[in-house]
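> Need a 3D model of the sequence below.
(3 chains)
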Amino acid sequence: MSEVELNAPQAQAVAHRSGPLLVFAGAGSGKTRVITYRIANLVAQERVPAHRILAVTFTNKAAREMRERLEGLLGEELARRLWVGTFHSLGAKLLRLHGSSIGLKSDFAIYDGTDQKALVARILKDLKVDDKRFPAKVILGQIGQHKQKNVNPDDVNADSAHLEVFVEVWRNYEARMRAANALDFEDILLRSGELLDAELKLGVVGVRERFDHVLVDEFQDTNGTQYRWLKGLAQFHTNLCVVGDDDQSIYGWRGADVRNIQSFRRDHPDAEVVKLEQNYRSTGHIVEAALAIVSKTAVREPKKLWTENEPGEPIHVVDLADERAEAAFALRCIREAIEEGASPKDFAVFYRIHAQSRVLEEALRTARIAYKVVGGMRFYERSEIKDAIAYLRLALNPASDVDFLRVVNVPTRGIGQTTVERLAERAKRLGKPLFQVIDGLEEESSIAAAARKKLEAFRSLVHGLQRSLVQDTPSGFVDRVLEETGYRKALEKEDSVEADGRLENLEELRSALLDFERECELRSEPATMAGWLENAALHSEADAVVGESVCLMTVHAAKGLEFPYVVLTGMEEELFPYRGLDPGERDELDEERRLAYVAITRARERLVCTHVRTRQLFGQTRVGVESRFLRELPKHTVERLRVDAYGRVVAAAAPARAYASSAAGSERRVDTSYFDDVPAEEGGLRPGSFVRHGTFGLGRIRSLERRGQEIAAQVEFKGLGVKTIYARFLVAEE
DNA sequence: TGCCACGCCCTTTTT
DNA sequence: GGGCGTGGCA
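Model (predicted):
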């Protein structure tokens, strides 16, 4: 597809001038192009002032990419005036500018999930609520759900003891957030929504009038609050353009509501609807396979993804002994492709859950192939970084109890649990933040003089930091914090591998601040600690560029990405589709199906799907049954391979006739070409070697023979005599 | 107060 | 398998 040419539906979406627009954008259909072209078109052709266009994404990465593209189309100057960002960064920006009209101080802090959890845990303790019956995680989940439905604690009909407790905890949570001048992620949207209402009531020209066009990417991922937020912003002009794909809705479990697409239609009956169904990314087989799987979802907007691309190679479905064989096989695929001239970065290995990554990592590490695990522990979630940030926030706002509690005894300075407990009682009694009630502690008979001295020393420490806050640069300030709190010294003293890692991370934090300072200088803005903290709260890991490495990631993390070669592992029932402990009442199978659709459509040229007979997971051995999703793949798009415990192909099912004829003439790699060097007959099993069978257990091979496509083995099982077993039912025992 | 052993429980995750 | 919280002990 040339860079300027748009197909008819794309052009239609781009040229749509005003009023509501709903774009269904299938995987690989050029969605990003449409949205960026549309914005560019509004600015360049329709003469909409750039600063009156608001474009919303879910992740900072997506926002950055969109901005970069727009810079390319419009030039830096114009692109910079556009409002491009995540729901939360844009919401926070509006609140910092206009929040005073709803009584919000502009220097509010933003609490992330960890902060929230710490706060709830604290409240449970203070209210003496059993955290077994009311786990902080569950409470937070419920608070979030209610907030998403725009429900207040007052609205909850607390008709059970259980609910009563919940509501009380929730009220406390809100009160303490207010006292700490903090907002959680949901609050950012709720409060900026309130702002709109307040302005409407006051009749002031405000946020609503700021924008002429609102555009939303990944609309299927919006939750209730986000949808209401959008509606509020676009209520007057209804120039609301939403782009999404219900087939890629994979975040239902965290509140995303695909039904917002239906709500959009209901709320805007006049909306123009455009469907982008042509895929430009993948081979014909891949597109066909993906569509076959997602078509079976119970509820979905009718769409038919298609492509003009060549059918390409068949999708390889590989049957393996266990997860180690699976890893070895993935490794072989990667090596083969690298020998052919591919780069490691062309490869991605997907899995359903993180726990699957370990074995894959081991295989790649041993083979000295550069890899990167996407996701996992995020930088700002590491404890040392959170500690440092807690100090920074405490210096800015000593009323923040969550931060106080986090670092009051880090590194240990003899302020134990009992002392903190008593201080908390005093704070509760006086209705003041913890930090403040260190003042006048001598009147507190329950707190010993020694403990009081330590608390007072801590108070001086924080006061000292507050004073330097004014004069230091942010990076200098972090340095000072690490020094004066003794944090760095404590880690140096520990002198362990972990401590070294933490010191490195803190160094990384400092360089992040240096970057921030440099950036501010470029924009001739003052580099303040508060400014950076906002940045840190809203940005997760600086989505490091992946470089020359093979990417390992969950299927969720893969959304929005594409790779020439993909290995999709763990395609077994119970694992993918995943079955948790409780069967789950939501249409989880549908979401798993969409997840499989996302996984498959990431691959451009070559897709290998693996499944295993047995898998060690969570310390248990599970018996694997091939995933229904693989069985649903159209036969002619698939070629099945069977591989032994050593990663060698034992047998390849004959390519389906339909495929062989349809692909005639087109250049392609054929079936077992990964393994030309391996005589299939051997299959890793040889007379004398030990094997395991699902029913008969451990046995020893007496002889092997070929029977058509199959290898049959004479196996002697202890106490059971000799049996003839097809090799595919045997697992080599080491 | 700090360390360690033990048991528990286990999806997916952005802001 | 392993991260995390708890509870017992030095």
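
> Next, A:Arg47: phi, psi?
phi 60, psi 30 (degrees, to the nearest 10).

> measure it to DNA strand B for me?
Using Cβ to the nearest atom of the strand, to the nearest Å, we find A:Arg47 at a distance of 31 Å from DNA strand B. C-beta coordinates here come from the backbone N, C-alpha and C atoms, glycine included.

> Now for that residue: which residues touch it?
By Cβ atoms under 8 Å, 6 or more residues apart in numbering, the contact list for A:Arg47 is empty.

> same check, this time on A:Ala27
Contact analysis of A:Ala27 by Cβ under 8 Å, 6+ apart lists A:245, A:247-248, A:279, A:281, A:290, A:305, A:597-598, A:601.

> For those, work out which two are farthest apart.
A:Asp247 and A:Arg281 (14.4 Å; Cβ to Cβ).

> touching DNA strand B at all, the longest helix anywhere in chain A?
Taking DSSP state H as the criterion, chain A has its longest helix at helix A:497-522. No. Under the criterion of Cβ under 7 Å from any atom of the strand, helix A:497-522 makes no contact with DNA strand B; the nearest approach is 11.7 Å.

> Does that helix pack against any helices or strands, and if so which?
Where contact means 3 or more Cβ pairs under 8 Å, 6 or more residues apart in numbering; DSSP states H and E, helix A:497-522 is packed against helix A:383-396, helix A:474-484, helix A:487-494, helix A:529-538.

> gap between the stretch of helix or strand A:Asp403 belongs to and the chain center?
In the assignment (DSSP states H and E), A:Asp403 maps to helix A:401-407. Distance of helix A:401-407 from its chain centroid, counting by Cα atoms, centre = their mean, to the nearest Å, is 27 Å.

> Mind listing residues that contact it?
Under Cβ under 8 Å, 6+ apart, the answer for helix A:401-407 is A:111, A:115, A:118-119, A:122, A:176, A:179-180, A:182, A:386-387, A:390-391, A:393-394, A:397-398, A:420, A:427, A:433-435, A:485.

> Just the buried residues of these.
Neighbour counting by 16 or more other Cβ atoms under 10 Å classes A:111, A:115, A:118-119, A:122, A:176, A:180, A:182, A:386-387, A:390-391, A:393-394, A:397-398, A:420, A:427, A:433-435, A:485 among these as buried.

> For DNA strand C, what's its nearest residue on chain A.
Relative to DNA strand C, the nearest point of chain A is A:Gly619 (2.4 Å; Cβ to the nearest atom of the strand).

> so A:Val214 is in which element?
strand A:213-216.

> Parallel or antiparallel, list what pairs with that strand.
Paired neighbours of strand A:213-216 in the sheet (DSSP bridges): strand A:53-57 (parallel), strand A:240-244 (parallel).

> What is the burial count for A:Ala388?
23 (other Cβ atoms under 10 Å).

> for chain A, which strand is longest?
strand A:603-617 (DSSP state E).

> where do the helices sit along the stretch 551-700 of chain A?
A:555-558, A:588-600, A:628-631, A:657-662 (DSSP state H, counting those that start in this stretch).

> helices or strands up against the longest one?
Read it as helix A:588-600. Counting contacts by 3+ Cβ pairs under 8 Å, 6+ apart, helix A:588-600 is packed against helix A:284-294, helix A:555-558, strand A:563-568.

> Now mean pLDDT, distance to A:Arg265 and mean neighbour count too, for these, in TSV please.
Listed next are the helices and strands packed on helix A:588-600 as TSV, based on pLDDT from 0 to 100; distance: least, Cβ to Cβ, whole Å; neighbours: other Cβ atoms under 10 Å:
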stretch	mean pLDDT	distance to A:Arg265	mean neighbour count
helix A:284-294	96	21	24
helix A:555-558	94	27	20
strand A:563-568	96	34	24
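
> Could you check the pLDDT of A:Leu22?
pLDDT recorded at A:Leu22 is 96.

> which outside residues touch the one helix or strand it maps to?
According to DSSP H and E, A:Leu22 maps onto strand A:21-25. In this structure, residues lying in contact with strand A:21-25 by Cβ under 8 Å, 6+ apart are A:13, A:31, A:34, A:240-246, A:261, A:264-265, A:268, A:271-277, A:301, A:303.

> Quick check: closest non-adjacent residue to the residue of the stretch 351-500 of chain A found nearest DNA strand B.
Going by Cβ to the nearest atom of the strand, DNA strand B is nearest to A:Gly416 of the stretch 351-500 of chain A, at 1.5 Å. Closest residue in space to A:Gly416, ignoring its immediate chain neighbours: A:Asn409 at 7.2 Å, by Cβ to Cβ, 6 or more residues apart in numbering.

> Pretty sure that neighbour sits in a strand.
No. Using DSSP: H, G, I helix; E, B strand; the rest coil, the secondary structure at A:Asn409 is coil, not a strand.

> and it, how many neighbours does it have?
Neighbourhood size, A:Asn409 [other Cβ under 10 Å]: 16.

> so who does it touch?
Going by Cβ under 8 Å, 6+ apart, the list of residues near A:Asn409 reads A:415-416, A:420.

> Check A:Val481 too.
A:388, A:391-392, A:395, A:465, A:487.

> Find the pair from those with maximum spatial separation.
Longest distance between any two of the contacts of A:Val481 is 13.4 Å, between A:Ala395 and A:Tyr487; criterion Cβ to Cβ.

> related to what we said a few turns ago, can I get the helix holding A:Asp403 in CSV, CA atoms only?
Output in CSV follows, covering the C-alpha atoms of helix A:401-407 (Å, rounded to 0.1, in the frame of the first residue of the first chain):
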residue,chain,number,x,y,z
ASP,A,401,0.2,9.2,54.8
VAL,A,402,0.8,6.5,52.3
ASP,A,403,4.3,7.8,51.6
PHE,A,404,4.9,8.5,55.2
LEU,A,405,4.2,4.9,56.1
ARG,A,406,6.2,3.5,53.3
VAL,A,407,9.5,5.2,54.3
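
> Indicate whether the helix or strand that it is followed by makes contact with DNA strand C.
Of the helices and strands lying after helix A:401-407 in sequence (DSSP H and E), the nearest is helix A:417-430. No. If you take Cβ under 7 Å from any atom of the strand as the test, helix A:417-430 misses DNA strand C, and the best it gets is 10.7 Å.

> Going by contacts, tell me the helices and strands next to helix A:417-430.
helix A:113-126, helix A:449-471.

> can you do 6 Å?
Identification of packing neighbours for helix A:417-430 by 3 or more Cβ pairs under 6 Å, 6 or more residues apart in numbering; DSSP states H and E yields no helix or strand.

> Which residue does the stretch 601-734 of chain A have closest to DNA strand B?
For the stretch 601-734 of chain A, Cβ to the nearest atom of the strand, closest residue to DNA strand B: A:Phe618, 3.7 Å.

> where does that residue land on pLDDT?
86.

> helix, strand or coil for the nearest residue to A:Arg686 once chain neighbours are set aside?
Nearest in space to A:Arg686, with sequence neighbours left out and distances taken as Cβ to Cβ, 6+ apart, is A:Ile701 at 6.8 Å. Classification of A:Ile701 using three-state DSSP returns strand.

> now swap in A:Ser18 and tell me
Secondary structure, three-state DSSP: A:Ser18 is coil.

> just checking, it touches A:His237?
No. Taking contacts as Cβ atoms under 6 Å, A:Ser18 lies outside contact range of A:His237: 7.5 Å.

> between the two, which one's more packed in?
A:His237 (17 against 14).

> Please name the residues that touch that one.
Going by Cβ atoms under 6 Å, 6 or more residues apart in numbering, A:His237 touches A:Asp212.

> Next, count neighbours for A:Gly619.
If you count neighbours by other Cβ under 10 Å, A:Gly619 ends up with 5.
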